[in-house]
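Visitor: below is the structure, and that's it, no one-letter string:
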C-alpha cells in the first residue's frame, strides 16, 4: 500500500507543524503551504495529491474562495478536500460543504476523528 499524500494549507505554521507531525506518524506523506495562492500553484503542477486539508479562515484568499478553484483544476476535480476551521457554530459545516469541501473538522483537531475522515480516501 502506498502512502496517501496530503496537502495541508494553513496560514499558521504552528497548525501545519502539529498536523504534519501527527499525520506523518500515521504514515501519511505531507506537503504544506501557508496560503491558498501557493496551494493553487502547487496543485496545478503536482497531480499526486490524494487529499487537501484547508484552513477556511486565511488572509487574502480563504478556504471558501479556494475550494471551488481547486475543484476547477482538471486533475483535482475529485480530490478529497477537508475543511479545517476554528468556526464550529451552527451552519458552519454546511457552509464548508456548500463551498465544495468533502468533509469538515473543527479546531482543535481531534486526531481520531481526522483519521476516520481520511480513511475515506
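Guide: Arrived safely. Here the structure is a predicted model, which is why all the values come from computation and not from measurement.

Visitor: other residues contacting stretch 88-108?
Guide: Defining contact as Cβ atoms under 8 Å, 6 or more residues apart in numbering, one finds that stretch 88-108 is touched by 15, 54, 56, 63-64, 67-68, 70-71, 80-87, 113-114, 117, 120. Yep, even glycine has a C-beta here, placed from its N, CA and C like the rest.

Visitor: identify the bridge partners of the residue most central in space within the chain.
Guide: Most central in the chain under Cα atoms, centre = their mean is residue 53, positioned 1.2 Å from the mean C-alpha point. Using DSSP bridges, the bridge partners assigned to residue 53 are residue 8, residue 82.

Visitor: pLDDT value on it, please?
Guide: As predicted, residue 53 sits at a pLDDT of 98.

Visitor: so who does it touch?
Guide: Residues near residue 53 by Cβ under 8 Å, 6+ apart: 6-10, 19, 82, 84.

Visitor: if we can go back for a sec, just the buried residues of the contacts of stretch 88-108.
Guide: For the contacts of stretch 88-108, a burial check counting by 16 or more other Cβ atoms under 10 Å picks out 15, 54, 56, 63-64, 67, 70-71, 80-85, 114, 117.

Visitor: of these, which belong to strands?
Guide: 54, 80-85 (DSSP state E).

Visitor: can you lay out these as TSV showing distance to residue 103?
Guide: Formatted as TSV, those follow (distance: Cβ to Cβ, whole Å):
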residue	distance to residue 103
54	11
80	8
81	8
82	5
83	7
84	10
85	12
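
Visitor: so which of those residues sits lowest on pLDDT?
Guide: Lowest-confidence member of those: residue 85, scoring 91 (pLDDT).

Visitor: so what's that residue closest to, chain neighbours aside?
Guide: With sequence-adjacent residues excluded and distances taken as Cβ to Cβ, 6 or more residues apart in numbering, residue 85 is closest to residue 56, at 4.0 Å.
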